[in-house]
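Engineer: Predicted coordinates and the sequence they were generated for:
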Amino acid sequence: MKKILSAFALAAAGFAAQAQAPVPGAAVANPGTVQFSVNGMVCAFCAQGIEKRLTKMPETGPLYINLSQKVVAVQPKAGMSIDVAKVTAQIIEAGYEVTASQPLAKTVASIRAEMKKK
């Protein structure tokens, strides 16, 4: 059963990546920070599980998780970029639903500051 769920998670991540794939020849506005909308996070343990998975990825730098806003923001390490499909797969494998992802021309610190104001 677990293998079936893992295969499903990877397939879903693949479909999400295809839906968000850039148009060939189009410039990518921001290969940096990506903000994910995530359903199912309800407690600090949820956030900790996602954080643990994402910090193991070699390309991820600063993270921000906001339970009340259902947001996970991921900033890449210097000189690297975030693979949306891989991050989506990690969040799904942790047991949560990614409903959207959006590249932002902001740092995780600025996203955190904006969320605190809300």
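Structural biologist: Yep, that arrived.

Engineer: ok, Gln75 - contacts?
Structural biologist: Going by Cβ atoms under 8 Å, 6 or more residues apart in numbering, Gln75 touches 32-33, 60-63, 82, 107-108. C-betas here are computed from N, CA, C, even on glycine.

Engineer: Need phi/psi at it.
Structural biologist: Here is the backbone geometry of Gln75 (degrees, to the nearest 10): phi -110, psi 140.

Engineer: Let me have the contacts of Gln75 in JSON lines, extended by pLDDT.
Structural biologist: Below are these laid out as JSON lines (pLDDT from 0 to 100):
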{"residue": "Gly32", "pLDDT": "87"}
{"residue": "Thr33", "pLDDT": "96"}
{"residue": "Thr60", "pLDDT": "96"}
{"residue": "Gly61", "pLDDT": "96"}
{"residue": "Pro62", "pLDDT": "96"}
{"residue": "Leu63", "pLDDT": "97"}
{"residue": "Ile82", "pLDDT": "94"}
{"residue": "Thr107", "pLDDT": "95"}
{"residue": "Val108", "pLDDT": "96"}
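
Engineer: Specify which member of the residues you listed is nearest to Phe45.
Structural biologist: Leu63 (15.8 Å; Cβ to Cβ).

Engineer: picking that back up, among the contacts of Gln75, which lie within strands?
Structural biologist: Assigned to strands by DSSP state E, the following of those qualify: 60-63.

Engineer: top of those by neighbour count?
Structural biologist: Thr60 (21 neighbours; other Cβ atoms under 10 Å).

Engineer: For that residue, list each beta-bridge partner.
Structural biologist: When bridges are called by DSSP bridges, Thr60 pairs up with Pro76.
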